[in-house]
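> Predicted model follows, preceded by the sequence.
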Amino acid sequence: MLFFREAARRVFARELKDSNLTSKDESDQYAPQYLLTPTGVKVNRIFIVGTLIEILKRSSGKKLFGSLQH
C-alpha cells in the first residue's frame, strides 16, 4: 500500500477563521478529514499566511506569544 501526503494549501488567517464545514470522504478511521474554506477549496493540511502584529513576552517560561492580524 502506497502512502502519500497531500500538499499543504496556503490559507489566510481570516479564511481559516471563517471556515466551518468539515467532511470525510471514506468511512475508514484513518481517512483524512477535510475543511471546506469559504472560497470552496477542500484542504486537510494548511500553511497559514498572515501578518504578525505583536509579540508578547510572558513570565511563564521562555515561550513567546503573538497576535495575528486577519
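Yep, that arrived. Numbers count the residues shown, from 1 in each chain.
> check contacts around the residue lying closest to Val41 once chain neighbours are set aside.
Leaving aside its sequence neighbours, Val41 sits nearest to Arg9 (C-beta to C-beta, 6 or more residues apart in numbering; 6.2 Å). In short, each C-beta sits where N, CA and C put it, glycine included. Arg9 is in contact with Val41, Val43, Arg45, Ile46, Phe47, counting by C-beta atoms under 8 Å, 6 or more residues apart in numbering.
> Out of those residues, who's the most crowded?
Using other C-beta atoms under 10 Å as the neighbour test, the contacts of Arg9 are led by Val43, with 20 neighbours.
> in the sheet, who's paired with the closest residue to that one other than its chain neighbours?
Leaving aside its sequence neighbours, Val43 sits nearest to Arg9 (C-beta to C-beta, 6+ apart; 4.5 Å). The partner list for Arg9 in beta bridges (DSSP bridges) reads Ile46.
> any idea how far Arg9 is from Glu54?
Applying C-beta to C-beta, to the nearest Å, the value for Arg9 to Glu54 is 26 Å.
> Leu2 too?
44 Å.
> Those two: which is more packed in?
Counted by other C-beta under 10 Å, Leu2 and Glu54 do not tie: Glu54 has more neighbours, with 9 against 3.
> what about the more buried one, which helix or strand?
Using DSSP states H and E, Glu54 sits within strand 51-57.
> what's the spacing between that strand and its chain's center?
19 Å (C-alpha atoms, centre = their mean, to the nearest Å).
> and that strand, what does it pack onto?
The contact analysis (3 or more C-beta pairs under 8 Å, 6 or more residues apart in numbering; DSSP states H and E) places strand 51-57 against strand 64-69.
> what about Phe5, how many neighbours?
To be clear, residue 5 is Arg; Phe isn't right here. By the measure other C-beta under 10 Å, the count of residues near Arg5 is 8.
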